[in-house]
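Engineer: Okay, sequence plus prediction incoming.
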Amino acid sequence: MSKVESGGASEPEFQIDTKLAIGGRKPFAHHGYVNTPVYHASTLLYPTAEDFLARRGKYFYGRRGTPTTEALEQALASIEGPACAGVALLPSGLTAISAALLSTVRAGDHVLVTDNAYAPTRKLCDTVLTRYGVSTTYYDPLIGSGIADLIQPNTRAVFTEAPGSLTFEMQDIPAIAEAAHARGALVLMDNTWATPLYFRALDKGVDLSIQSATKYIGGHSDLMMGTVSANAKAWPQLKEMTYTLGLCVGPDDMNMALRGLRTLGLRLPHHHQSGVKVARWLEQRPEVLRVIHPALPSHPGHDIWKRDFTGACGLFAIVLKPVPDKALHAFLDALKLYGMGASWGGYESLAIPFDVSKLRTATNWQPGGPAIRIHIGLEDVGDLTTDLERGFAALAAAR
Ligand SMILES: *Cc1c(COP(=O)(O)O)cnc(C)c1O
């Protein structure tokens, strides 16, 4: 390694903030420029017939990767740690989920999927996987080592997500991984909430760690991308599946992800701290039945969070004491700083109502009042709580 150059995962000597700053960079391969150029490329030319026939050279075709691809893959591998054998880049978080799951199964197999998984993950299992002869059993996210009882001889994969991105149950990932590995099943995890900064999934027994890079890696609500980081056991099949399906990401999007990564180590602690402040403030409000945030001691999974995670992002939920729909709507509509829309992980705050009571099949979600998912962005915390006060005043006036 030369000056300010970075390799990939095999570079354990630096702290995370340093890895975020140097990951994937090779300035002197690019005339000294700090950032890796954005290679817009499909065709790659060879000087002679012999070179072409021998595919001589590091790169071959745009879809198979360029120096821009490599820069992002290496930067991501370096933050996953030395257990990472490879990173696949996909055009969305959902394709990261589908490519990872498809890489693990064949017809006749069975997968175990957490009941609080991101809803489109369920859709994939219930439609595409079913059609290709792969069956799914949903399990209670609190199952822990009890997952052993659900593992069948043909169970190839256990799909985890902790915490769930609406209801925030924490899973005992090391216990689940131990039980799964004892029976030859791979462990997948949707690690979008914590990112590898706050949960080192591959070190905790996960074989395929998935992120929607649309969220905190992009960080500015202007990018769609997904990533899957795999250990040595899972990487060959993931790589083959991604290549065979022809999945790839455009160069400008990769450049945006690289740019986002450089500031992730600043943004994520800010989301964490502001999120906890607003969550604690909400816990004191008489209108709120409960706050569901893994970093608060009141969360049933708080001990697991403390044991396995080193931080929290800005996403959590609250349940209001029962109010008519019109009061809930008045609350949400009165908020100036909290946008209402899908996704999260950008610099801006969001608040959306949700109801998953009909979606769950393995667990019974009965919140006891209207549930709202909140994303705390990078705005001033005082402004954010003042805005919520405005919402509660509107709620009181409408009930
Ligand atoms: C948003 C999200 C996804 C899907 O990511 P896209 O980039 O929107 O396809 C997957 N998992 C979780 C937990 C998410 O929040």
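Structural biologist: That came in fine, so what should we check first?
Engineer: ok, and for stretch 389-398, which residues are buried?
Structural biologist: Neighbour counts over stretch 389-398 (16 or more other Cβ atoms under 10 Å) mark Gly391, Phe392, Ala394, Leu395, Ala398 as buried. Where you see a C-beta, it was placed from the backbone N, CA and C, and this is true even at glycine.
Engineer: what about the strands in the stretch 201-350 of the chain?
Structural biologist: Along the stretch 201-350 of the chain, counting by DSSP state E, counting those that start in this stretch, strands occupy 208-212, 226-230, 288-292, 315-320, 350-354.
Engineer: Of these, which is nearest Ala185?
Structural biologist: Closest to Ala185 of the strands of the stretch 201-350 of the chain is strand 208-212 (Cβ to Cβ; 11.7 Å).
Engineer: and the angle for that closest one with strand 226-230?
Structural biologist: Angle, strand 208-212 to strand 226-230, by axes from the mean of the first three to the mean of the last three Cα atoms, to 10 degrees: 160 degrees.
Engineer: what lines up beside strand 208-212 in the sheet?
Structural biologist: Applying DSSP bridges to the sheet, strand 208-212 is found paired with strand 186-190 (parallel), strand 226-230 (antiparallel).
Engineer: Up against the ligand, what does the stretch 201-350 of the chain have?
Structural biologist: Contacts of the stretch 201-350 of the chain with the ligand, taken as Cβ under 6 Å from any ligand atom, map to Ser212, Thr214, Met224, Gly226, Ser343.
Engineer: So the second one is in contact with Thr227, correct?
Structural biologist: To tie it back to what came earlier, the one meant is Thr214. No: Thr214 is not in contact with Thr227 according to Cβ atoms under 8 Å; the separation is 10.2 Å.
Engineer: Pull out the buried positions in stretch 61-71.
Structural biologist: Judged by neighbour count using 16+ other Cβ under 10 Å, the buried positions of stretch 61-71 are Gly62, Gly65, Thr66, Pro67, Thr68, Thr69, Glu70, Ala71.
Engineer: Closest one to Ala117 out of those, please.
Structural biologist: Distance to Ala117 across these (Cβ to Cβ) is lowest for Thr69, with 28.3 Å.
Engineer: Give me the angle between the helix or strand encompassing the closest one and strand 226-230.
Structural biologist: Assigned by DSSP states H and E, Thr69 falls within helix 67-80. Angle of helix 67-80 versus strand 226-230, following the same axes, to 10 degrees, is 60 degrees.
Engineer: tell me the mean pLDDT for helix 67-80?
Structural biologist: The average pLDDT for helix 67-80 rounds to 97.
Engineer: try stretch 222-241
Structural biologist: In this model, stretch 222-241 carries a mean pLDDT of 98.
Engineer: go on, stretch 374-384?
Structural biologist: The pLDDT scores in stretch 374-384 average 98.
Engineer: Check which residues of it are buried.
Structural biologist: Going by neighbour count (16+ other Cβ under 10 Å), the buried part of stretch 374-384 is Ile374, His375, Ile376, Gly377, Val381, Leu384.
Engineer: per-residue pLDDT, the closest residue to Ser145 other than its chain neighbours?
Structural biologist: Computed as Cβ to Cβ, 6 or more residues apart in numbering, the closest residue to Ser145 that is not its neighbour in sequence is Ala175, at 4.2 Å. Listed pLDDT for Ala175 reads 98.
Engineer: can you check the one 5 residues further on too?
Structural biologist: Note on Ala180: pLDDT of 98.
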